[in-house]
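Novice: sequence and predicted structure are below.
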Amino acid sequence: MSTLFGDELLERPRREIAPGAIHLPGWLGLEQQAWIADRFRDWAAGPVPPRGARIGGHEMSVRTVCLGWHWQPYRYTREATDVNGRRVLEMPDWLVRLGRKAVAEAYGPTLPDGSPSAGYTPDAALVNHYDATAKMGMHQDKDERSPAPVVSLSIGDDCLFRFGNTRTRGKPYRDVELLSGDLFVFGGASRLAYHGIPKVHAGTAPDGCGLATGRINITLRSTGLDETRADTEGARQ
Ligand SMILES: O=C(O)CCC(=O)C(=O)O
Ligand SMILES: [Fe+2]
């Protein structure tokens with residue numbers, strides 16, 4: 001429900017959740033969310049279908065389709081060798097530019113690693129789909145060789161996002177509600193913080209966001225890999 005003074009934004013101000021970890025509520029408008037939800041449907045109908053990655057013999061409840069580079073535990077490849085062997089779709093230019101805008105709004109002209117926001121060029125997107133019961137356990141995003149921040153966009157149902165520390169999966173952590181349209185960026189001292197999604201609040205997706213139910217999350221990453229290394233183990237395993 002929108003109000004004259006955008007009460008929902010007044011109640012949910014921009015916050016630095018941990019050093020370098022910034023939550024910008026309501027960053028995407030409903031029309032933008034709906035447009036991105038349509039793109040998700042295009043990507044899901046592309047060469048590599050969304051799949052639950054297998055970790056330690058268990059299939060993740062979250063289903064993921066990748067752009068640019070395919071992520072599988074625990075490496076990036078151009079071809080989805082753990083799905084159907086096909087090459088993933090290219091990273092769209094609009095998504096790179098959206099990521100650049102996101103880091104500029106989160107950090108200003110300079111990223112925590114000292115590089116210019118204008119040079120932020122993520123080369124992979126992991127697009128996750130959560131149904132009502134899907135969760136994601138506490139983990140670090142550490143298969144990238146670049147220190148560049150991760151940009152996270154949420155569309156659809158609200159969820160509980162747990163953002164922790166860089167040492168352990170447990171406390172201390174902070175719980176943040178991510179709503180449709182929210183942006184969360186983590187870089188600098190928080191780049192390797194553990195995080196996860198303990199719960200999706202089914203049926204909370206706002207009208208007009210492009211998803212009747214369920215949740216999409218897009219994370220943009222800079223792999224730090226180059227074209228010639230088509231199959232590379234994660235640097236920090
Ligand atoms: O769904 C989210 O908000 C987080 C996703 C995530 O942590 C990941 O894809 O690595
Ligand atoms: Fe993650």
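Specialist: Done, it's in. Residues are numbered from 1 along each chain as shown. Ligands and ions are numbered 1, 2, ... in the order given.

Novice: what's the burial count for the residue in the chain that ligand 1 sits nearest to?
Specialist: Of all residues in the chain, residue 217 sits closest to ligand 1, with a separation of 3.3 Å (C-beta to the nearest ligand atom). For glycine as for every other residue, the C-beta is placed from the backbone atoms N, C-alpha and C. Neighbour count of residue 217, defined by other C-beta atoms under 10 Å: 24.

Novice: wait, isn't residue 177 in contact with residue 157?
Specialist: No - under the criterion of C-beta atoms under 8 Å, residue 177 makes no contact with residue 157, lying 11.0 Å away.

Novice: neighbour count: these two, which is higher?
Specialist: Using other C-beta under 10 Å, the more surrounded residue of residue 177 and residue 157 is residue 157, with 26 against 14.

Novice: ok, now which ones touch that one?
Specialist: By C-beta atoms under 8 Å, 6 or more residues apart in numbering, residue 157 lies in contact with 130, 132, 180, 200-205, 211, 213-215.

Novice: turn these into a markdown table, columns for neighbour count.
Specialist: Shown next, in a markdown table, are the contacts of residue 157 (neighbours: other C-beta atoms under 10 Å):
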| residue | neighbour count |
| --- | --- |
| 130 | 23 |
| 132 | 13 |
| 180 | 26 |
| 200 | 27 |
| 201 | 14 |
| 202 | 17 |
| 203 | 11 |
| 204 | 15 |
| 205 | 24 |
| 211 | 21 |
| 213 | 13 |
| 214 | 18 |
| 215 | 27 |
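
Novice: still on that earlier bit, please name the bridge partners of the residue of the chain closest to ligand 1.
Specialist: Going by DSSP bridges, residue 217 is paired in beta bridges with residue 128, residue 154.

Novice: so what pLDDT did it get?
Specialist: You'll see residue 217 listed with a pLDDT of 98.

Novice: give me phi/psi at residue 99?
Specialist: Backbone torsions for residue 99, taken as degrees, to the nearest 10, come to phi -60, psi -40.

Novice: could you check how far the closest residue to it other than its chain neighbours is from residue 125?
Specialist: Nearest residue to residue 99 in three dimensions, chain neighbours excluded: residue 220, at 4.3 Å (C-beta to C-beta, 6 or more residues apart in numbering). According to C-beta to C-beta, to the nearest Å, residue 220 and residue 125 sit 5 Å apart.
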